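Fold the stuff below for me.
(one chain, ligands or ions: 1)
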Amino acid sequence: MLPPRGDAAAALVVRGLVKRYGRRTALDGLDLEARRGEVTAVLGPNGAGKTTLVECCTGLRRPDGGSLSVLGLDPRADGRPLAARTGVLLQDGGLPGGAPAEAVLRLVAAQHSDPMDVPELARLLGVDGFGRTNVRRLSGGQKQRLALACAVVGRPELAFLDEPSTGLDPHARAVVWDLLEQLRAAGTAVLLTTHSMAEAERLADAVVVVRDGRAVASGTVEELTSSGPEVLRFGAPAGLPLDALRAALPTSVATDEAEPGRYEVTALRPGAVDPQVVATAASWCAAQGVLPQGLAVGRRSLEDVVLELTGGPSRWAA
Ligand SMILES: Nc1ncnc2c1ncn2[C@@H]1O[C@H](COP(=O)(O)OP(=O)(O)OP(=O)(O)O)[C@@H](O)[C@H]1O
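Numbers count the residues shown, from 1 in each chain. From the prediction side, this is the model:
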């Protein structure tokens with residue numbers, strides 16, 4: 001694990017956080033920091049403890065051990081001042097069911113001293129399209145957009161966003177990503193939990209990988225993915241015979257169909273994936289009569305790293 005980057009820009013400092021539910025330990029000594037003007041993405045499989053972390057940070061749950069500093073305050077003792085300075089999006093929304101969407105947003109805005117412009121935010125997140133609809137009647141994605149609007153309307157210094165783009169269509173997701181970039185540019189510290197590697201790659205200034213209630217790695221996407229061997233990847237029809245390709249390539253690379261239709265030529269020593277290897281693989285594809293889709297040389301993807309750190313695909317499927 002990379003050393004923590006403790007400094008004055010940290011809006012959230014979590015040290016050795018422990019939370020148990022009966023005999024189940026959800027957080028087992030978790031360390032994490034989130035800095036102002038940065039998006040910190042918390043990644044990890046189902047049950048890793050991400051939501052419990054957000055619930056502890058927002059004062060909804062009492063930790064059993066460790067320490068928490070939220071904008072220099074204690075989330076349970078200083079709930080009131082923190083409510084004015086933080087924004088929270090929880091997975092189950094927590095919206096009142098009996099009022100129209102835009103009225104709910106106005107109500108939340110009125111609780112803040114310098115809220116964003118409500119009509120403008122409503123337009124940005126598409127809340128204006130269902131502003132008069134009762135919250136109870138909103139679709140999952142509409143509720144999610146309203147809950148996100150409520151979380152950010154008070155211009156929070158620190159925003160806790162638990163899976164903000166889950167259930168959103170691609171257009172809404174792009175809008176949410178733009179909004180998160182605006183928050184970051186305004187100096188907000190954003191703690192984002194997500195299962196979307198694309199979201200983390202696009203937005204995260206820092207990534208914390210959580211497994212079994214502990215941070216098992218942290219750093220930038222670049223720091224986490226820059227180690228490991230170079231790999232030539234391409235897509236082609238599944239089940240192509242690889243023997244001829246293996247015979248044509250040097251022994252300094254290993255060739256596999258990593259998953260059906262996804263081929264990888266991995267360097268077994270530094271520099272082994274060289275231009276000649278790329279040309280050989282392309283010629284082999286030509287001999288097979290196939291066009292290699294997305295042929296590219298790179299290192300591990302963020303998904304590869306996270307799967308490796310958290311125990312592989314079977315663990316994620318559990
Ligand atoms: N209220 C609760 N009572 C008992 N156990 C709980 C409770 N909430 C969470 N847990 C357990 O604590 C562990 C961590 O759960 P948590 O919801 O924090 O994980 P998560 O990383 O957010 O998962 P997901 O990705 O599925 O949202 C899990 O084993 C879960 O079953």
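
Next up, the contacts around the residue nearest the centre of the chain.
Taking C-alpha atoms, centre = their mean, the centroid of the chain lies closest to residue 194, which sits 3.4 Å from it. Contacts for residue 194 (C-beta atoms under 8 Å, 6 or more residues apart in numbering) come out as 41, 42, 43, 163, 164, 165, 200. All C-beta spots, glycine's among them, are computed from the backbone N, C-alpha and C.

Repeat the analysis, applying 10 Å as the threshold.
39, 41-44, 50, 161-166, 200, 203-204, 207 (C-beta atoms under 10 Å, 6 or more residues apart in numbering).

Quick check on those residues: which are buried?
39, 41-44, 50, 161-166, 200, 203-204, 207 (16 or more other C-beta atoms under 10 Å).

follow-up on the earlier one: quick check: the residue nearest to the centre of the chain vs residue 148, distance?
Distance from residue 194 to residue 148, counting by C-beta to C-beta, to the nearest Å: 13 Å.

what do the two both touch?
In contact with both residue 194 and residue 148: 161, 164, 165, using C-beta under 10 Å, 6+ apart.

Look up phi and psi at the nearest residue to the first one once chain neighbours are set aside.
With sequence-adjacent residues excluded and distances taken as C-beta to C-beta, 6 or more residues apart in numbering, residue 161 is closest to residue 89, at 4.6 Å. Dihedral pair for residue 89: phi -120, psi 110, per degrees, to the nearest 10.

Could you double-check that residue 89 sits in contact with residue 179?
No - using C-beta atoms under 10 Å, residue 89 is not in contact with residue 179; the gap is 11.4 Å.

Which of those two has more residues huddled nearby?
Set residue 89 next to residue 179 and count neighbours by other C-beta atoms under 10 Å: residue 89 wins out with 22 against 18.

roughly how far apart are the more buried one and residue 29?
In terms of C-beta to C-beta, residue 89 sits 26 Å off from residue 29.

What is the neighbour count of the residue lying closest to residue 116 once chain neighbours are set aside?
Nearest residue to residue 116 in three dimensions, chain neighbours excluded: residue 153, at 5.2 Å (C-beta to C-beta, 6+ apart). For residue 153, the neighbour count with other C-beta under 10 Å is 22.

how far away is residue 153 from residue 299?
Residue 153 is 40 Å from residue 299, by C-beta to C-beta.

can you list the residues of this structure near the ligand?
Within reach of the ligand by C-beta under 6 Å from any ligand atom, the chain has these residues: 21, 24, 26, 44, 46, 47, 48, 49, 50, 51, 52.

tell me which residues in the helix or strand containing residue 223 are buried?
For residue 223, the host element (DSSP states H and E) is helix 221-225. For helix 221-225, a neighbour-count test (16+ other C-beta under 10 Å) marks 221, 224, 225 as buried.

Quick one: those residues as CSV, columns for pLDDT too.
CSV is the format used below for the buried residues of helix 221-225 (pLDDT from 0 to 100):
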residue, pLDDT
221, 94
224, 93
225, 90
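
from the residues you listed, which single one is nearest residue 187?
residue 221 (21.2 Å; C-beta to C-beta).

For residue 63, report the pLDDT, please.
Note for residue 63: predicted pLDDT of 97.

for residue 317, same thing?
pLDDT recorded at residue 317 is 38.

Just say helix, strand or coil for residue 255.
Recorded secondary structure, residue 255: strand (DSSP: H, G, I helix; E, B strand; the rest coil).

where do the strands sit along the stretch 101-250 of the chain?
With strands called from DSSP state E, counting those that start in this stretch, the stretch 101-250 of the chain shows them at 158-162, 189-193, 206-211, 214-219, 231-235.

between the ones you listed, which gets nearest to residue 281?
It is, among the strands of the stretch 101-250 of the chain and with distance given as C-beta to C-beta, strand 231-235, at 6.0 Å.

So in that sheet, which strands flank that closest one, and in what orientation?
Partner strands for strand 231-235, per DSSP bridges, with pairing direction: strand 262-267 (antiparallel), strand 293-298 (antiparallel).

who's in contact with that strand?
249, 253-255, 258, 261-267, 272-274, 277-278, 280-282, 285, 290-301, 304.
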